[in-house]
Each structure stands twice: as structure tokens, then as C-alpha cells.
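Sharing a model that was predicted from the sequence below.
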Amino acid sequence: MSALAAALALQQSEPNTQFVLAVVLGLLFAIGTFLVLRRDVVRVVWGITIISQATNMYLVTMGGLAGSVPILGHGEAADPATVANPLVQALVLTAIVIGFGTTAFALVLTYRVYEEHGTIDLAELGENPPETGVSANTGSTMDGPEADPEAVTTADGGSQSGTDSSAGTAGVGDD
Amino acid sequence: MTDLVVAPLLVALFTAVATLPLRSARRVQQAVSVAGGVVYLVAVAALVRAVKADGDGYLVYELSNWDAPFGITLVADDLSVLMLGLTAVVSLAALVFSVRGIPAVGQRLSYHPLYHLMVVGVTGSFLTGDIFNLFVWFEVMLMSSYVLVVFYSGPDETRAALHYAFLNLLGSAVMLLSIGGLYATTGTLNMADMAEYLAAAPASQTTPVLGLSAMLFAVFALKAGIVPFQFWVPDAYRAAPAPVAAMLAGVVKKVGIYAIVRLYFTVFAVATLPPGPFGDNATFLAFFGPVFLLMAIGSIVVGGLGAVGREDLDGLLAYSSIGQVGFIVLPLAVAASAVPAAGTAIPGDGIVTLGITAALVYSVNHGLAKSLLFFVSGALSRTLGTVRFDALGGVSERNPALAGSFFIGALALIGIPPLSGFFGKFLVFDVGARAGSWVVLGVALLGAILTIAYFTLAWARGFWGPPSDAVAGAHVDRSFVLVAAVLAVAIVVLGVGFGPLYDLSYEAARSATETQGYVDAVLGGSQ
């Protein structure tokens, strides 16, 4: 706990870094929230990714911003007052690895949703009773005014392999 | 002795790994998986015995022998082992059900490893004594549950999993934010160390912790599916395969409840609120009491009304579990409001302990009964291909054992003596009456009436009367009936011999409120 107090004291001496980081974090959370509220699922994934990365950055700042590398030397330990808090870095590493896995899953899930529904527009997912296969492939993500490159790429991929996947689904369900 | 604490964790992890390379040998994989469930039950039973035999009732395991506030600790106490016991029973039943209840292709793909990884996550959450470690176990549990919800990967399943996964991903980010803030404020991640710090710190220093703990509570409420964080529940439970839905409703929800009891009644309960509307020297729980109460009322009303209007059995069960979680949070709300001023020990026979006891008894009852009902629903859906009420009808004539099990499960949730659910409901009413709160009694009564209403509807439309065409030609697999019947018998036995369950829950409630004992065991007594 004393190490933390010292780190916090050091942090006071660097008001600029603190200010810049606070602004950047605020911006990242704002962008993330904006994206999460979009109708396009891919943008929602982006939003969640940005929010979780902003969280990681916030975690790093929670251990104090100043101080040298926390290496345990041979025979003697460094003075706790002069090193950065290493614990938050370990936490962030763990969180990054978890975030990596969940982002990959979220993207695969988005692709799968496109294959099943023919759209990645959240409003349409909620309204329509879903049709199977690729019959509903003319989703609004293609013709919407704000279709972005990611959405189009996903759409193309979906139309190519849609037939295979619906066959696979039937296999799982029927057995 | 303390090594036993990690045993359930290792058993589940080992089973998950062992079932992975056995994909080509279906029978062997199933045998290993079910055997893993049995060994898990044995390991938990051994752990329960060890905790009961231990002098102070706390078994502390320090990972890699790092001392308590610095390394990660696993703590098994009466509260943890009660929840682990529930997990072991429901999980084994769900595994036996899965052998015939999940399509063979699905089992070969990934079902068994994922299922056991989910159990690993649940077990770790119940045992850990470190807040960040709790986050990690949550992720382990969620990651596998995402895949299990989307398991059949049809249109409905993908949409349900999309909502479930994205909501929980946001929840994880919020949880991480609160944990980071808690670390910066209290300087520790160890729950016992944090409790010690909060007990000693003046109100001016603990004020940020109030906001952070409220943020954390939102995450736990999301996991437990309490109103207003219940949106994902109905779709996810309907999409998940029946044994997974049974696990999600019976056990994974209880992880959220456990985290609320453990963190708010053991750790944050000792912190002092700044002077304000709750008076001087009030604890954090004085703030959380009304919050719990509002959310419990919301859950009971939304869950109950939602369930009455369902056209299919599993949708009804999903809404019902929103309402039933309200019944678990309701006594917690009374208990939180009754906590004495900071610095005073919580009496063993007061409303606080009784309220937590009621919540735990209800949790165990709901875990068993709701998983039983999901098994019956899964058996029907696997046999008939649908659980819509207009296709059901007359199951009681075609298969009395299955219908009888459903009947007992429904009666247990309604609260008919001598089933375990009667005592759960009775304790909730008892706590409300002792606290003299007409609001609590009125809401509980409304919830009870709604429960009777929707289960009467389900019984009348799905199980009573002449068999429908689909039901008349159906043959339900014996293993489904067996699993449902065994759970039904367990509910009757727990109700007739209610003493042991009450004692276990009471001791768990005692250990949840004895912050000092927890702190001493983790920080002092373990070396």
C-alpha cells in the first residue's frame, strides 16, 4: 500500500501526462459508446473492442503514471517509492489476452449471424422472423447509405459460403 | 488438508482437457465426461466435510505459496461449499441428460470440453478470494457459455447469443473498470485485505468505493438477470440446449447471487457511508438495501407477468427464473436494510442472518427445481421437436413419471409443503414479517400468486387433458425421465428432511456476515 501511495505522490508531479491521458480515455469511451449504439453489428463489435481497450488503458493509469521499471535486482530490491506499480501491468496483460479471445469470438459470431439472417442490421434482426439459408441475402447493410468497407466484406463472404453453412446447421440439428 | 480446496477446480479442468482428444471415440468421451461429473461431486463432498471438520470453518489455499494479500488465494467456507454442492448436483444431472439430450454430432464437436470449462469457471468464482481473479473466472465461465448458447447456431440461437455475448462483454469492461478503481482506492485486490482496509478507513476515504461497488453491482445483476438487466435471459435460455439452460438458470445465475452476498455482505458491509440521508455511521448496505428492494420488486413483477403470457414452455421457464431471482434478492434487500451501524457486529439470530439464510435456501431450491423443469422441457423438445403449448397436451397420460416430475418441480417453486420450496417461500415471508415491511410481504404475495398462475397455465395446457397427436405418438428416452425423477425425489427429500439444508444455509449466512473471521482466516491464520 505504501508503494501505491508513493506512486500516487509521483503522479502528482506529472499533471500534464495525467491530463492528456484523462482526455484520451474520455474520448475513447465516447467513441466506443457511440459505436456500440449503432445498428450495424460490426460497428458494435468495434465499439466493444474500443471500450475494452480504453478500460485496459485506464487500468494502467490506476497504478500511477511515474516511476522506473519494477525489476527485482540480485540481492537487493529497488526502493518501492521509485518504481511503477507492476501489478496493474500484470492485470492488463491478463485482460488483453481475454479481450483478444472475446473479440475473435464476437467477430465470428457476427459472421455467423450474417450467414443465418442475411443481414447484420440489429433492427432487422429484431423484427423479422429469420429465414434460413441465403434467401434473405439482400440485407440493408448493402444498400444503406452508411455501408462501410467492413460490412461489405462481410456481406461478400457470407454470400459465397452461405449454402455450405446452412447444410452444416441442418446436420447438427437433425441428428 | 487445504489442498482439497483446489480439488474441484482441478477435477473439472482435467475432465475438460481429457474429453478434448476423445472426440473420435464417442462412448469413451461420454463415459469420461460423466465420470468427471461424479468425481467432481466426490471432490466437493470431501471439501464440504473438510470445511465442516475445520475448527474455524475456513480453508485457505495460497496459489504458489504467495502470502495472502499479494498472491491469489482460494477460500472455501460454508458459503462457498454450499454453492459448490448445488453446482455439483445440478452439473452431474445435466451431464447425464446431455448424453442422450445433445445430438451426437454436437457432442463430438465440442460440447463436453466446453461444458466442463463452464464448470471450471463457476467453481473458480465460488472459491476465489481475489477480486481480479473473480473477473478471470467470470470470463472463463462466460466464454464457454457464449459458445454453448449459440450451440445449435440456427437463426434464433445466433441472435440470442449476439445479445447475450455483447451485453456480457460490456459488463466485463465495466467490471474491469470498477476493479481498477477499487485497486487505486484501497490499494489491494484481496477481498479480506480490502475488508480490513475499508473497516479501518474513515468515510471520507471510502466514498469512491461506494460508487465503484455500485458499478460492480450492476455487473453482478447482469449475470444474475435481475431487472433492469434481464433482457438477455429469455432468448438465451430458449436458445441454449436444455442441459445448458438448466445449468445457466440453476447455477450460473447463482454465481451473480453469490458474488453479491460475498462482496456486499462480507467486504463492503464494513465500510462507512459519508453522513447523509442514511444517517451517521451507516454502512454501505444501508445504501444498497433500497436498491436491492427496487430491483427485486421489478424482477418479481416483470418475470411473473412475462411468464403468464408465454406460448411455449421454455419461454415460460425463462421468465419464471427472472421472477424467482427476485425472490432471492428480496430477503437480501431486507437483510441489507437491517445491517447495524458500522463497527457493530452482526448478531447471529437477527434479521440480517435470517435474510441471507432465506436467500440461500431459496437459491438451492430454485437451482434444483428450475433445472428439473428445464430437463422436462428439454426432454419434450428433444422428443417432439417443439415445446409450444398448442402442440403439447396430455403428457401426464402418456408419460406419468415425466409429468409427475414436472408437477413436483412446479409445486416446489410455488411453495407447497413439504417440498423444499415451501421453506424457501416461508422464510422469505418470515423475514418480511419480522422486518415489519408491508411492501416486502405484498410483493412476495403478488409473486407467489403469479407463480401459481403461470404454472397452472403450463400444467393445464401442456400436461393435463387428452394427449395431443404429437404427444400420443412420442416415446421419451428413459434417461431423461430418470434424471427428472431423481431431481424430483431430491426436492421431496430436502423438503421432508429440511433441517440439514437450513443448518447449512444458516452457517453459510453466518460466514458471509462474519467479516472478521474471514479476514483472520485469510490474512492471519493461514501461515
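Arrived safely.

could you check whether stretch B:244-256 is close to chain A?
No. Using CB under 8 Å from any CB of the partner chain, stretch B:244-256 stays clear of chain A, with a minimum separation of 14.4 Å. For glycine as for every other residue, the C-beta is placed from the backbone atoms N, C-alpha and C.

tell me which helix or strand of chain B sits lowest on mean pLDDT?
helix B:469-472 (a mean of 83; mean pLDDT, DSSP states H and E).

starting at the chain centroid, how far to that one?
35 Å (CA atoms, centre = their mean, to the nearest Å).

And for stretch B:337-349?
25 Å.

Could you check it and say which residues are buried?
B:337-340, B:342, B:346 (16 or more other CB atoms under 10 Å in any protein chain shown).

for these, which one is nearest chain A?
residue B:342 (21.0 Å; CB to the nearest CB).

how about the CA coordinates for stretch B:84-94, as CSV?
Output of stretch B:84-94 as CSV, limited to C-alpha atoms (Å, rounded to 0.1, in the frame of the first residue of the first chain):
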residue,chain,number,x,y,z
LEU,B,84,-20.4,-25.8,-4.8
GLY,B,85,-22.7,-28.5,-3.6
LEU,B,86,-25.5,-27.1,-5.6
THR,B,87,-23.2,-26.9,-8.7
ALA,B,88,-22.0,-30.5,-8.3
VAL,B,89,-25.6,-31.9,-8.1
VAL,B,90,-27.1,-29.9,-11.0
SER,B,91,-24.0,-30.3,-13.2
LEU,B,92,-23.9,-34.1,-12.8
ALA,B,93,-27.7,-34.3,-13.6
ALA,B,94,-27.2,-32.1,-16.7
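
hmm, who's touching it?
B:8, B:34, B:37-38, B:40-41, B:44-45, B:47-48, B:76, B:115, B:119, B:122-123, B:126-127, B:243-244, B:246-247, B:250-251, B:254, B:363-364, B:367-368, B:371, B:375, B:483, B:486-487, B:490, B:504 (CB atoms under 8 Å, 6 or more residues apart in numbering or on different chains).

what do you get for stretch B:201-220?
B:171-172, B:174-175, B:177-179, B:181-182, B:185-186, B:198, B:229, B:256, B:259-260, B:263-264, B:268, B:271-275, B:284, B:287-288, B:291.

quick one: low-confidence parts of chain B?
B:1, B:525-527 (pLDDT under 70).

Tell me the residue of it that sits nearest chain A?
For chain B, CB to the nearest CB, closest residue to chain A: residue B:155, 3.2 Å.

and the closest residue in space to residue B:475 that isn't next to it in sequence, what does it touch?
In space, and not counting its chain neighbours, residue B:475 is closest to residue B:383: 7.0 Å by CB to CB, 6 or more residues apart in numbering or on different chains. The contact partners of residue B:383, by CB under 8 Å, 6+ apart, come to B:474-477, B:480.

what secondary structure does residue B:383 sit in?
The local conformation at residue B:383, judged by DSSP: H, G, I helix; E, B strand; the rest coil, is helix.

With residue B:402 as the reference, measure out to it.
9 Å (CB to CB, to the nearest Å).

Kindly report the same for residue B:262.
37 Å.

same check, this time on residue B:341
53 Å.

which residues sit against stretch B:465-483?
B:93, B:96-97, B:99-101, B:375-376, B:378-380, B:382-384, B:386, B:391-395, B:397-399, B:401-402, B:405.

That one spans what distance, first to last residue?
End-to-end span of stretch B:465-483 (CA to CA, to the nearest Å): 25 Å.

what does stretch B:379-396 give?
14 Å.

Pull out the buried residues from it.
For stretch B:379-396, by 16+ other CB under 10 Å, it's B:379-384, B:387-389, B:391-396.

Which one of those residues is nearest to residue A:119?
Ranked by distance to residue A:119 (CB to CB), the buried residues of stretch B:379-396 are led by residue B:388 at 26.0 Å.
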